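Asks: here's a sequence, model it:
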Amino acid sequence: MTDTKFLRIIIVCLIVLNIGTLSYLLLNRPGNSRGPGGRERIIEFLSEELNFSSEQRAQVMKLHEENREQIEEIQAEDRKLHDHYFNYLNQNNPDSAVVDSMATLMSHKRKQIEIQTFYHFSMVRTICTEEQKAKFDRIINDALRMMAPRPPR
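Replies: Residues are numbered from 1 along each chain as shown. Next up is the predicted model:
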């Protein structure tokens with residue numbers, strides 16, 4: 001009887017451990033803004049490091065939301081281009097000019113994201129006081145590294 005009770009306890013512990021592991025993986029997957037490296041983390045980092053007032057935080061959050069919507073729109077267009085690009089593999093003799101053209105279009109989407117990100121942080125900087133701007137200039141590269149994709153392990 002005690003062997004059965006012991007096995008039941010072990011099974012319950014394993015189920016709880018599996019649920020915890022799955023929850024962690026789902027909440028911290030790439031692209032999740034609440035996970036490590038997400039945009040939310042950068043905004044929080046800047047807000048804390050620069051000691052933003054509540055008014056500044058509200059302005060930054062508004063900018064962040066607008067930026068997120070614009071980035072998501074560009075990313076959706078990029079996904080469609082990628083789908084079309086890789087569906088082109090179905091062709092027996094794909095035209096290299098078409099492949100090159102599609103790759104160029106995809107690179108333009110990446111360029112749009114980079115430009116959008118640059119101007120977003122430029123607008124965040126305008127919200128800062130002169131003292132905050134000096135610190136912003138010192139820490140922005142650290143903040144942007146948080147956003148960079150991590151290499152596979």
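
Asks: packing partners for the helix ranked longest in the chain?
Replies: Longest helix of the chain, by residue count under DSSP state H: helix 54-87. In this structure, helix 54-87 makes packing contacts with helix 39-49, helix 96-127, judged by 3 or more Cβ pairs under 8 Å, 6 or more residues apart in numbering; DSSP states H and E. Quick note: C-beta positions are derived from backbone N, CA and C, even for glycine.

Asks: okay, the angle between the last one and helix 54-87?
Replies: Here helix 96-127 points in a direction 180 degrees away from that of helix 54-87 (axes from the mean of the first three to the mean of the last three Cα atoms, to 10 degrees).

Asks: give me the below-cutoff pLDDT ranges for the protein.
Replies: Within the chain, the segments meeting pLDDT under 70 span 1, 13-14, 16, 18, 20, 22-39, 146-153.

Asks: again, only this time at 50
Replies: For the chain, applying pLDDT under 50 flags the ranges 30-37.

Asks: who are the neighbours in contact with the residue nearest to residue 98 when sequence neighbours are not counted?
Replies: Counting by Cβ to Cβ, 6 or more residues apart in numbering, residue 88 is the residue found nearest to residue 98 once chain neighbours are left out, at 6.8 Å. The neighbourhood of residue 88, defined by Cβ atoms under 8 Å, 6 or more residues apart in numbering, consists of 94, 98-99, 102.

Asks: report the separation between residue 88 and residue 108.
Replies: Counting by Cβ to Cβ, to the nearest Å, the gap from residue 88 to residue 108 is 17 Å.

Asks: ok, residue 58 next?
Replies: Residue 58 is 33 Å from residue 108, where distance means Cβ to Cβ.

Asks: quick revisit: in the longest helix of the chain, what counts as buried?
Replies: 56-57, 59-60, 63-64, 67, 70-71, 74, 78, 81, 85 (16 or more other Cβ atoms under 10 Å).
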